[in-house]
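> Sequence plus the predicted model coming up.
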Amino acid sequence: MHADLHRKLIYLDRDYIADFYEVTTGVSPSTTVTKNQSKKAGATIPVFSAEVSAQETRSYKVSTLEMLALTWDKLNAEPDIDSTKFAPGMTSRYGWFEGELSVYQAKSSTQRGGEVHVTAESEHFHIRQSPTSALSLITTPEYFLSGLGTLVKLQKTVLKEMSIPIRAYVRVMAAHDHFKQWIAIPLVLLERESNG
């Protein structure tokens with residue numbers, strides 16, 4: 001296993017890596033499908049009350065970290081993405097994106113009749129590559145290693161500043177937030193050596 005890979009890891013989307021491992025190696029997991037059914041209180045109309053959901057549970061003989069290590073060469077060879085090529089209506093773009101990981105907090109407001117109305121508010125992680133290139137991240141707290149996901153909550157209390165140099169494998173969607181940053185789902189975030 002790549003020992004330094006584990007030390008640099010900040011975030012790992014376990015579901016994506018399991019899928020990537022399966023596609024890359026051809027090794028299928030043992031899969032169990034369970035169905036859960038719930039009923040709401042009160043009268044129900046049979047056509048609309050079939051609240052059955054199926055959940056797939058997969059188990060592999062290797063851990064997620066080992067899956068990442070075994071597929072690392074292929075994942076690492078994926079190209080960088082160029083944010084100047086993003087456009088409305090594009091298909092999702094997958095690739096590596098380097099920048100500074102920080103907590104982004106912004107508010108947009110208008111003033112009407114002497115009162116200030118907040119029209120948009122955002123507090124989330126983002127990757128800033130340059131003054132004109134940044135990604136807003138949709139993250140899953142459990143995918144952060146060592147509790148790093150709590151840094152968003154600390155923004156309003158004890159966190160004064162955060163800027164972690166990272167290399168991220170992301171899926172960029174054809175969507176903007178109100179602050180004109182592209183929306184991305186991080187799949188792997190790695191800490192990298194600072195250029196400064």
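All right, it came through fine. Numbers count the residues shown, from 1 in each chain.

> Quick check: closest non-adjacent residue to Leu9.
Leaving out its chain neighbours, the residue that sits closest to Leu9 by Cβ to Cβ, 6 or more residues apart in numbering is Leu145, at 5.5 Å. All C-beta atoms are positioned from the backbone trio N, CA, C, and that covers glycine.

> What count of nearby residues applies to the closest residue to Gln129 other than its chain neighbours?
Leaving aside its sequence neighbours, Gln129 sits nearest to Gly99 (Cβ to Cβ, 6+ apart; 3.8 Å). Residues lying near Gly99 (other Cβ atoms under 10 Å) number 21.

> Across the sheet, point out what pairs with Gly99.
Ile166 (DSSP bridges).

> quick one, what contacts it?
Residues near Gly99 by Cβ atoms under 8 Å, 6 or more residues apart in numbering: Ile127, Arg128, Gln129, Ser130, Ser133, Ala134, Leu135, Pro165, Ile166, Ala168.

> Which ones among those map onto strands?
Among the contacts of Gly99, DSSP state E puts Ile127, Arg128, Gln129, Ser130, Ser133, Ala134, Leu135, Pro165, Ile166, Ala168 in strands.

> Could you pick out the buried ones from those?
Among the ones in strands among the contacts of Gly99, those classed as buried by 16 or more other Cβ atoms under 10 Å are Ile127, Arg128, Ser133, Ala134, Leu135, Ile166, Ala168.
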